[in-house]
Each structure stands twice: as structure tokens, then as C-alpha cells.
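Trainee: Need a 3D model of the following:
(3 chains)
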Amino acid sequence: MPASTLPAAKAAVQPVLPLWPTVGARVALATGAFCLVVALALGLEHFRHKGATHPLDHPQVIKLKEQLVREPQNEALKKDIRALDLQLRTAHDRYLAHVGRGQWLLFGGMAVFLASLQATVWKKNIARPGKVQKPPGWQARRILQSTAAVALLGMTAGAGAWALVNSSSTRVTADLALPPKPVETAVAPTATASASAASLPTKEEIARQWGRFRGPGGAGVSAFTNVPLTWSLETGENVLWKAKAPGPDPNSPVVWSNRLFLTSGDAKKREIFCYDTDTGNLVWQKTVEKVPGGGAAVELSETSGGMACPTAATDGRRVYAMFANGDVVAFDFAGTLAWAVSLAPIKNQYGHAASLDLWRDRLLIQIDHGDSDTKVSRLVALNTADGKIAWEKPRETHGTWSSPITVEAAGKPQTITLGLPHVIAYSPTDGAELWRAEGMDGEITPSPILAGGFVLAPSPSTKLIAIKPDGAGDVTKSHVAWIAEEGVPDITSPVSDGQRVYLLGTGGTLTCIDLKTGKKAWDKELELEFKSSPSLIGDKLLCLSADDRGTAIVVAAATEFKEVGRATLGESVAASPAFGDGRLFIRAKTQLFCIGGKAK
Amino acid sequence: MNARGQFPIHNLQFSILNSLAPLLRVLLLLVVLLSPLATFAAERFPPPEFEPGTYTMPPTTTPPPRLAVMEIVDVAVLLGALSLSTYGVLVKRSRRHVFWVMVFSLLYFGFVRQGCVCSIGSIQDVTLALFDKSYAVPVSVLLFFLLPLVFTLFFGRSFCAAVCPLGAAQDIVTWKPIKLPVWLEHALGVIPFLYLGAAVLFAATGTAFVICEWDPFVAFFRRGGSFKMLALGAGFLAVGLFIGRPYCRFLCPYGAILSVLSRFAKWNVTLTPDDCLKCQICDVACPFGAIAEPDEAAPPKPRPGFGRLVVLGTLTLLLMAGGAWLGGRLGLPMSKLNRTVSLAERIAAEDSGAIKDVNDASKAWRALGKPAHELHAEALRVRGQFRFGGLLLGAFVGLVIGAKLIGLAFAHPHDVYEPNLANCVACGRCYSYCPKVLVAAKRSEKKEMPRPTAA
Amino acid sequence: MADQHPSSQCGCGSGACGNGGSAKPSPASIQFKKPASAPAKSAVPAAAAPPSRRQFVGGALRGAFLFVLGAATSLIARVSQKERTVWQIDPTKCIACTNCANHCVLTPSAVKCVQQYPICGYCKLCTGYFEPEPNALNTAAENQVCPTGAIERRALEDPYYEYNIDEELCIGCGKCVVGCVVFGNGSFSLQIRHDRCVNCNECAIAMVCPADAFVRVPASQPYLLKTREKQG
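Mentor: Numbering: from 1, shown residues only, chains lettered A, B, ... in the order given. Model (predicted):
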């Protein structure tokens, strides 16, 4: 209510009207009591209805309905339910009506209450204070008091904040934000091969990781299409980090979650490196030593790729690495040696180069070496838990540099190897030979892939053989679907999008072959040297050149050649790239690059 | 729901099955479909193809939201109310005028618009818009933020006087206001700035609109709401009977901004500085403790000098540094109010086994199948924002307290009773009581009255 | 305090100077002391006075504030989209947790179940309408899943039934949505009804939505309805 507009001085002489304040006080008392009663009633209603907000949540209804499920013919029970339902609904409706009415009553009551309260002070005069004699120094004291009060408030706020800071704890720590560390199986180096199946990665997990050379199945296909394929070192665009890479070794990075592994080696020292994929920081670096019966030096020719050609493999529990002298080691993700064995001697003029393959708890190693008459080649399966040999199969072939792949084909797991002169598929469980097909020749360096239902086996520079993997025995005559003879590479491995297969020759010829027919669709001279195998990311191919500028060419995986992007790394690339969620990892001659979008 | 949602066929009696042959097929289909329990339904049962003309499908109604033109109406009403209020405060100098504008604002912005286009809350929209490029702040909200600021910069807090529905609700219930000790006013007067800083931090991080969440009267305007809101509102109204406008004076973050701007207003509430009788009636009449008393006359107090300013300035810097240190550490507990962070904490607790069950949020999140580390990384990012924001907040609090202390030491000299321009909400009550104002009003009514030389 | 009256602007910086009159002990003398030229009532007393340092500082600060406000406004105006937004529930995220029924500032909630007829299967056994293990497929109380009986079941040609939502009764609990989404076509979904929603600055349900399903959508397209196309 508006305050009086009467001058205070005048009002003091006027007789005070007793009507308004008195009426106001009485009405205020009455409405106040009324509001209180209504509020209490509302509160009581609310309290009574708590727990059964909606009729069907009533425990009795739920109980009866459960009983009805057990006794579906019980008509009396149905009647009970209906009666109870009606009763509850009626009660609920009544409650809602009460609340609806009650809030208006309360609202109206409060309006009257407040109005009548104002009426009690209606036209009430303000007592004229007159001259208050304040003790001298009151102002200084007041400033002091106020200062102290503000300081006290500040201190209270500070103390409150401090208490809050000290009482708060968190479970979300930086290490949780890292991609999950694989669960340590806690298998001591001496433990037996009984690694529990639960500790093995699932198929889905493997499909999302890059646990071996050219990723899952050795197919060179990224599970993620959100990977930027061009970048700029000048502007830093899409370059998440760079790190110094060890040595010029050609082995490719393998990635599991937030860990990336590389190996390096020479005659003196063999090492394994673990990087953080988020930062590029070197997490640990371990020297391979104390390999029982190992550590042997091997003689390598000058054209050799060195001691550390084989790409490591990881199943998220451990990382496995092999070196040209036959040393095979397993480290856990913390960098602790799990086991080490030697598969020496390996006599391979360019050095052993086959990368490691993993299938469940088997580490598969294709050791093709020696001459055509020594017959020392073999395929070895080690237990990933302890490095003991699970099985091994002799192979007639002599030295190759191709890596085995283990894939699901024709309804079973098959380990496919290229040898001279046979492509041989083994069962990874026991090493039994599933089928073989003749046709390999030369220095076999490319690795096979499985695409469009065919095993595609490149015989370097001569032919690409498409084999249906559902045969048994020698399938050379029965299961070879087609043979392509154009553009077959001598070092790099093919890649396929399921429609076509793409071949990238060392000399820079990119050839596209129709996967159904084996007919050439197109080819294109990229005019660069390539050692790194092409990769498929969605509908694009990434080709990383071995020239000194480190040119990367992005080509559309399509029926016609179309270059869709180009970038440079500033140094040559021999290793094949690895892919993660939104990320591309490239090992160049001296540096390791992580390409990815800034915003994740 | 999964447990209850199973359809165990064997439980159904054969009698029912016989009569419900089509149902059986449906059930079988269901059982087949149950194994990959999809969260988002697919078209499992193709819609029937009714014979043409036999069935018309009812439309799925989509009642439109409030018309956009109504926002213009809101802004127009705001502008009108601001102008009327300013006119009442500065030109007409009439409490009655201000009162009726206030009643109108309470009815329109409060009860018609249900308290939800609000200058106080608009602080958060504007803040969020500054930090989140994807957040579209409506032009009307922007104007609700700006117009009162501009008005205050020129005319003082006429917005608080009669436009803000929250102020109006409290002003109207003010019954027997007590005078708070000056030191308490000063101390509590710091709180709105703390609230402002916190509200800005929480809005900038997209965590919460705390001002809206703790709006005391919105539940009354809507005549319904959570117990928390109703109790808060009832509490403020009850306190407001005896302490004038408690929310405005000791909490309102928008009031904090306005109190700063009002100091520099071109025109502002004045009594009759040259005619002041020092009768102190205005001081008694003001329910909000916004009348500054004249300085102590004797002995003449020497004004604090440059040395004191240096000391207090240094103290302020120290307070800011300390505040920043503490505020940065406060980032951790504050960030827990963020949904992402709290979800991450919850997931971490569940994953570590500290909490055995799941709640709706963690269940929903797990259903998405996203890797936990992404959530945790996002939570850490938000926490980083809170660390930095807390640092700034702490420094701001230090600055506010330091400035307050400087302001106390270097208070502007007063020789008469005058409205304290920062605290005065321009309610106009003092106009009704100041003998000199009343005399002047009378005189202006009877234009040609000779001017009295004495009261 | 820009508009200090002239007597306090003597510039000596001392309160004592301006307080010269009140230093005298007699209250009576104050009442009759009057400066000669002060306008007794003016809304703009300072406008007439000659500019002082305080006024200058006040004006400068005012200008600065206006500049900051203008800059902030233009910044916001640039980043802010023109399109008005309203709250809506993304049905692909909604888990129908019942929070919508209990946390809206309105009672009953502005969230209602919406039947999207084009994707409805018109099932005889509607899992949004019936209990998970219905005793019989009729409208009896023991068989219905809706706590308020807001779903109306209407027989069409055999074996199809039409299901309509009575929004006056619907409380937005989402029990039917769960049934329909998990076992059926998902034609029931919770939507904010804009004839009821007051479009709070910060939606109270959004604050508690465990699935982050509350999003701001353009006011011109205020509903997120499922269509047959989206169902794939």
C-alpha cells in the first residue's frame, strides 16, 4: 500500500484514525491463521500422497497384479484390482483437486493477509526521531566496525571455501581420462599358458585397435573415418604432435588405446619404445636383454632393412616384438618384461622381416629363411602368456619377407602365409594346414589380404592371385578365382574397399583392379617411390611416399582415379601408418607424427 | 524395466493362447526381437495399410510455442515500465506513482509472464552467449539485460524501484522494517557480488543457471513448484516483512551491477540537499537503509591520505592473489555441480566398485556405449575451466572486498541526509516524508506561491 | 555519487569544510540556514551546475560503461543466431525415466506423451498400453500400463487398434513410452508441449535429465517427432 503522502509534521497533530490498523490487524490475524491452516492441510495432503504419486505405483496394486500373473483365471482378484484401482484413482483425483483448490486459497489468503498487514501500518506516522546526540567519534568507530565486518565476511567466505576445498575429493583423475589401460593379467613371466579367455581382447576391441602390422587382419583399413588425411607442418593444422622416432627402422607403429609401440635395433642393441598417443611423450623405452639363448648377432646384407624390420604386435595386455636375430620379447604395458625367448638361428640375407600376428592367445611368427635346400623355414605359434611354443609347422619355402595374416574366412580362423611357391592357410589353433595354392614366385615381400571373400596373394611384380578360402588341400586348380598381372607391387601390400583392390608399386604406379573379375579398372602414375603400403580410410586411400619430401597423396577409392588431397611430412616414410579414433600415426624416417583433428 | 519387460510365454495359459492366435505370433516375434534390446525402437510392426477411405489417420498435433511477437510486447512493456518508473522517481517524485507502476510490473512480469523473462536471469544468458558460440540468446533477453543497465546509467535504479517483479514482491510485503546496523549492511552488501561472480562462472561453463534455480519468487508467480523453491520464497517474504527487500539488498546479482552503475548515474534520486533540515525523517522512513547520514561534525576528521590508499591498494592486490589461489583450488568442488563432471565421478565410482548400483544417468550413459575415458577427459576439461574460472572468481572476490575497504576508508563527505546512490532502489518513500520535498511539491502544485524563506 | 550538491565541491578535500555549518551545535540554526540559489526541487540539479571534476569523471565512466555494454552487445549479437529457440526432448536420447513427470515447474508437467500415428503399428497387443504380462487384451484396469488412464484404445478393422493420448490426463511419466520403444515401433515419445511450456531460461527437467535428452531447438520447428523415414 502506498505510504502516506501527508507531511509528517501535520500528521502528528491529527488524531490517529484507529479504524484501519484495527481492522487490518484483525483481518491479518484471521487470514494469517487461514493461510496457516491451508498450508498445513496442503502439506498434509502432500505428505499422505507421497510414496504413491500415481495410482499404479501403489504397492498393493503391484502386488495384486503380480498375483494375477500367477493366477490369471482369478476373477475375484481382477475385481479386487479394479476396485482398488478405482479407489486409488478417486483418491488421486481428489488430491489433485485439493491441491489445485488449496493453492488458490492459499494464494488468495496470502494476498489478503499481506494487504491487511499493510493496513495495520496504513497512514501511520513515522516517529520523528529528533536530534540524536551521538557520542563523539561515532563515525570513525562505524567505519572501523564496518571494515571489521567486511573483513569478517571475507574471512568467513575464505574459510568456507577452504573447508570446501579440503573436504572435496575426486575419483576422476588424469589417468582415467587416458584411453583405458588394458587390464593387466598379472601373469608372471614364469606362469603357464593358461591365460584366461576373459583377459583376451574381444573381436570388437581388436577391430577398433591397431594391434599389428596394417591393423586388424593386416588389411590396412582404418576402423575410423574421422581421420584427417591432410595436414600442414607449417601451420600445424591437424598435426597433433610430433615426436622423435628411434632409428630409421622400417617397422610400423602399433597402437592400442593410448599407447603406441615401435621397435628399433642394430647389432648392439635392440629396443622397444612406448609412446603416449595423446601427447607423443615417450612413456617408456626398454632394451631387450637377457633373452635365454638369444642376443645373437646376425649377419645382414647391406641392402637389409636392419635388425628391427618386423612390426610389433599387441593385444592390449602385452606388446610383442621380434628382431632379426630371432629374439622375441613380450612387455606388459607398464614396461615390465613378461617373457623373452629366442627363435634363433635365423639365416635371412635381408634379415627377418615378417611381422608378428596375433590370434587369441597365440603369437604367430612366420620364419621363412634359409636356401631352397636347407628346409629350415617354419610357422611358430607362441603362447602370448609365457612365450612357450604352442605348436610349430615346418614349411618348405625358403626366405620370404611377407607377414602372415589371421582372418575369419569360410567360417573358421585361418592363418594365411605366402611362401615359395605356395600360399598356405593354417588353422591357428593347432597349425593344421587347411589349403594351399601354388603360384608364388620371386622375393616375396608383400603380405596377403582378405577382401570380398578372396584371399589376395601378391606374387611380387608378377601377379595377384585371388583365392577362395573355402577349399581344402591343394586348391590351385579349383579355387583360384582370377589372376591379375598388372601393377602388382614388389614391396607394398594391397588394400581393398570390398569392391576394388588397389595396388601401389614401388615405382609409383597405383593400379585399381575390380575385385569381382580381376580386371584392371584404372591405373595412374603417382611419380614417386613408395615403400609404405596404402591404407583405406572410408572411401579414401592414403599413400605415403618414400621420397625425401614425404609426400602423402590421398586418392578417392572409386571407379576412377581422383586425387583428393596431398600433404608432406618433410621426410621419407617406409612404415605403414596406424589409425586410431580420429587419429593417424605415421612413422617417418626420424620422426613420429600424430595427425588428427583438434577438437575431439 | 528389462526384468519386468520379459514376455515369458510359458506363463500364458493355453486358453488365452487359443483365443489369441494373432497375439501368439506377435509374442514370438517379440521374443526374437528381445535379444538385442534396442533402446531406440525400429519399425518392428509395419503400419497397416488401411483400405482407402476407411480410416483417416489423426494428425499428430504440434501446438506452437508462444508467438515471437509477444517478445516484442515484453520488451515494449519493459521499456514503458522503465520510462514510467523513471518519470515517477525523477520528475514527478511521487511514491504513489512508483507504487502503481510497481504493482503493474508485479502483475505483468510476475504473474502474467510468470517471472520468466527476467533481467536478473538474463545475466546468465548473456554470459553463456559470450562463452558458448552455439547458444542463441534471444534479442528480447538481450534487451532485458541491457535496457535496465542503460537506464540506471542515466537515471539511477528506477528498474529496481518499480519494474523488477522480484523487487516489487518484496517491496509490497515490507511491513515493519527494522534498521540493520550499518556494519552489517556493509558486510552483507558484499554477498551480491560473490553471487554475481559465481553465477557468471556457472553460466559461462554451461553448468547451471544458479540465479534461475534459486529464484525465490518464481514458484509464487507460478503458484507451484518444488518445495525448495516454495520454502525459499516463503522465507524471503517472511523475512521481507521486517527487513526491507532482503533479496535485492543482500543477494541480487543484477542489483550488484546496478549499484555500481547507479553511482555514476547522470540523474539520480535526490532529496533537497540544500534545504536539508537534518530532521532524519528520511532515514527513518527508508526501509532499505539507503540514506547516508551526514558526517560527524567535530572534531574535523582528517581525510585519509595517499599513504592509506597505497596500503589498501596493496592489500587489495594481496586479497586478489589469495582469492585467486583459493578460487583456483575451489574449481574442483565447484566443478562437481557440472553434469558431465558429476556423471564422470559417478561412473568412476561405479567402475572402481565404490558404488555398487547404477542410477538413471549412469545407465543412460552406459547405454550409449561410449568409452569412459572420453567422458573423463571431458570432465577434466570442464574442471580445467572451473579451475581457471575459479581463479578469476577468487581474484574478483578479492577485488570486491578490497574495493569495499577502500570505499569505507575514502567515503565521500556528506553534510546532509542524502540517498546512498549505490543502495537506493528509488522506491520514493522518502519523498513522502521529507518535509522539504513535500513543501516543494505543494509549491509546484500552486505554481505561483511565494517561496517561503524558512520551514 | 556524481550529483553532489555544490557546497561539497569546494575542492579542499576535507569533510570539515563542507560541514562548516553543521559544526555548530545549535540545531535551530541549521534549519534556517539556506543557500541562496539552490533549486528546491529538480530532477536534474547537476545539469545546471558548472562541470566539476566529479562530473567529468562520472561522465567519462558512464561513457566507458556504455562502450563496454555496446561492445558486449555487438559481440553477442554477432555470435547469437537470429532464430529463437525452445526446449524439446530428443526422442533418440530419452530413456523415459519419469523425471519429466516430477520435475517440471508446472503441475502437471508440460511434457506429454505424443502418439506419432504414421509409425504406429496399430497393434492389438500394444506394449505401451498393456501391462507387460496382460491378463487379457481389454481396457480393464488390471491390464493398463498408463497410471492415469490417458491412453484411449479404439478398435478399427480387425486386428488393428488406434491409440490416442488424452493430454489432459497425461502426466508425462513415460511408462507407455518405455513399453512402445522397447517392444514396439516407438510411436509413443515424450515431447514438450509448447502450448503449456513456459520455456524457462533453464528448463528444470533438463537440469535433472539423466540422458541429456533436453535440447534447444529452433522455435520454427519446435518438435522432434519421429518419422517413418528416420526409422529406416
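
Trainee: Quick check: phi and psi on the nearest residue to residue B:95 once chain neighbours are set aside?
Mentor: Among residues not flanking residue B:95 along the chain, residue B:428 sits closest, at 4.0 Å (CB to CB, 6 or more residues apart in numbering or on different chains). C-beta: built from backbone N, CA, C; applies to glycine. With angles defined as degrees, to the nearest 10, residue B:428 sits at phi 80, psi 10.

Trainee: Look at residue B:399 and give its secondary structure.
Mentor: Following DSSP: H, G, I helix; E, B strand; the rest coil, residue B:399 is assigned to helix.

Trainee: Can you report how many residues lie near it?
Mentor: For residue B:399, the neighbour count with other CB atoms under 10 Å in any protein chain shown is 17.

Trainee: Likewise for residue A:21?
Mentor: 18.

Trainee: what's the answer for the one 5 residues further on, then?
Mentor: Residue A:26: 13 surrounding residues under other CB under 10 Å.

Trainee: and it, what pLDDT?
Mentor: What the model reports as pLDDT for residue A:26 is 88.

Trainee: Residue B:317 now?
Mentor: 96.

Trainee: swap in residue A:42?
Mentor: Confidence for residue A:42, expressed as pLDDT, is 85.

Trainee: tally of neighbours for it?
Mentor: 18.

Trainee: Name the helix or strand for it, please.
Mentor: helix A:19-49 (DSSP states H and E).

Trainee: so who does the residue nearest to residue B:95 touch?
Mentor: B:88-89, B:93-95, B:97-99, B:161, B:269 (CB atoms under 8 Å, 6 or more residues apart in numbering or on different chains).

Trainee: And residue B:109, by the same measure?
Mentor: Residue B:109 neighbours (CB under 8 Å, 6+ apart): B:77-78, B:81, B:115, B:117-118, B:163-165.

Trainee: and if you look at residue B:165?
Mentor: By CB under 8 Å, 6+ apart, the neighbours of residue B:165 are B:105-106, B:108-110, B:115, B:118, B:217, B:221.

Trainee: Identify the residue nearest it in space, chain neighbours excluded?
Mentor: residue B:110 (3.6 Å).

Trainee: isn't that neighbour right up against residue B:219?
Mentor: No: Residue B:110 lies out of contact with residue B:219 (CB atoms under 8 Å); the separation is 11.5 Å.

Trainee: Which parts of chain B belong to which domain?
Mentor: For chain B, automatic domain parsing gives the domain ranges B:69-290+B:427-445, B:306-409.

Trainee: quick one: residue A:166 is in a helix?
Mentor: Yes: using three-state DSSP, the assignment for residue A:166 is a helix.

Trainee: How many residues are close by it?
Mentor: For residue A:166, using other CB under 10 Å, the count is 10.

Trainee: any idea how far residue A:470 is from residue A:410?
Mentor: Distance of residue A:470 to residue A:410, computed by CB to CB, to the nearest Å: 4 Å.

Trainee: hang on, I meant residue B:441
Mentor: 103 Å.

Trainee: for residue B:106, same thing?
Mentor: 80 Å.

Trainee: Tell me which of the two has more neighbours.
Mentor: Applying other CB under 10 Å to residue B:106 and residue A:410 shows that residue B:106 carries more neighbours, namely 23 against 17.

Trainee: winner for burial among the domains of chain B?
Mentor: domain B:69-290+B:427-445 (a mean of 21; mean count of other CB atoms under 10 Å in any protein chain shown).

Trainee: first to last residue in that domain, what's the distance?
Mentor: This stretch, domain B:69-290+B:427-445, spans 41 Å end to end (CA to CA, to the nearest Å).

Trainee: Run the chain-centre distance for that domain.
Mentor: 11 Å (CA atoms, centre = their mean, to the nearest Å).

Trainee: Distance across stretch B:256-276, terminal residue to terminal residue?
Mentor: Stretch B:256-276: ends 29 Å apart by CA to CA.

Trainee: circling back to that earlier point, which among the contacts of residue B:428 gets closest to chain A?
Mentor: Nearest to chain A out of these is residue B:99 (CB to the nearest CB; 4.5 Å).

Trainee: State the distance from that closest one to chain C.
Mentor: Distance of residue B:99 to chain C, given as CB to the nearest CB, to the nearest Å: 19 Å.

Trainee: so who does the residue in the stretch 301-450 of chain A that chain C sits nearest to touch?
Mentor: With CB to the nearest CB, the shortest gap between the stretch 301-450 of chain A and chain C falls at residue A:408, namely 27.3 Å. If you count contacts by CB under 8 Å, 6+ apart, residue A:408 has them with residue A:414.

Trainee: Surely it forms part of a helix?
Mentor: No: using three-state DSSP, the secondary structure at residue A:408 is strand, not a helix.

Trainee: how much space between it and residue A:254?
Mentor: For residue A:408 relative to residue A:254 (CB to CB), the value is 20 Å.

Trainee: Three-state assignment for residue A:223, please.
Mentor: coil.

Trainee: So what's the residue count around residue C:141?
Mentor: 19.

Trainee: before we move on, the earlier item: now render the domains of chain B as a markdown table, adding distance to residue C:161.
Mentor: A markdown table is the format used below for the domains of chain B (distance: least, CB to CB, whole Å):
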| stretch | distance to residue C:161 |
| --- | --- |
| domain B:69-290+B:427-445 | 36 |
| domain B:306-409 | 30 |
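
Trainee: pLDDT score for residue 126?
Mentor: Here I'm looking at chain A. On the pLDDT scale, residue A:126 gets 72.

Trainee: not quite, I wanted chain C
Mentor: So residue C:126 comes in at 89 (pLDDT).

Trainee: Just to check, it is in contact with residue C:184?
Mentor: Yes: counting by CB under 8 Å, residue C:126 does reach residue C:184; the two are 6.9 Å apart.

Trainee: show me what contacts residue A:446?
Mentor: A:402, A:418, A:458, A:460, A:489-494, A:533.

Trainee: wait, I meant residue A:83
Mentor: Neighbours of residue A:83 in contact, by CB under 8 Å, 6+ apart: none.

Trainee: ok but it is inside a helix, no?
Mentor: Yes: applying three-state DSSP, one finds residue A:83 inside a helix.

Trainee: Could you report the neighbour count for the residue nearest to residue A:469 when sequence neighbours are not counted?
Mentor: Among residues not flanking residue A:469 along the chain, residue A:409 sits closest, at 4.0 Å (CB to CB, 6+ apart). When neighbours are defined as other CB under 10 Å, residue A:409 has 21 of them.

Trainee: quick one: residue A:409 and residue A:455 touch, right?
Mentor: Yes: judged on CB under 8 Å, residue A:409 makes contact with residue A:455 at a distance of 7.0 Å.

Trainee: would you list every one of the strands in the stretch 301-450 of chain B?
Mentor: Along the stretch 301-450 of chain B, the stretches classed as strands by DSSP state E, counting those that start in this stretch are B:418-419.

Trainee: near chain A, which residues of chain C show up?
Mentor: Taking CB under 8 Å from any CB of the partner chain as the contact definition, chain C meets chain A at C:27, C:101-102, C:107, C:131, C:133, C:135, C:140-142, C:144-149, C:171, C:173, C:175.

Trainee: give me every residue that touches the closest residue in space to residue A:593 that isn't next to it in sequence.
Mentor: Spatial nearest neighbour of residue A:593, chain neighbours left out: residue A:586 (4.6 Å); criterion: CB to CB, 6+ apart. Residue A:586 makes contact with A:253, A:544, A:552, A:569, A:573, A:575, A:577, A:592-593, A:595 under the criterion CB under 8 Å, 6+ apart.

Trainee: how about JSON lines for the residues you listed, with secondary structure added?
Mentor: Listed next are these as JSON lines, based on three-state DSSP:
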{"residue": "A:253", "secondary structure": "coil"}
{"residue": "A:544", "secondary structure": "strand"}
{"residue": "A:552", "secondary structure": "strand"}
{"residue": "A:569", "secondary structure": "coil"}
{"residue": "A:573", "secondary structure": "strand"}
{"residue": "A:575", "secondary structure": "coil"}
{"residue": "A:577", "secondary structure": "coil"}
{"residue": "A:592", "secondary structure": "strand"}
{"residue": "A:593", "secondary structure": "strand"}
{"residue": "A:595", "secondary structure": "strand"}
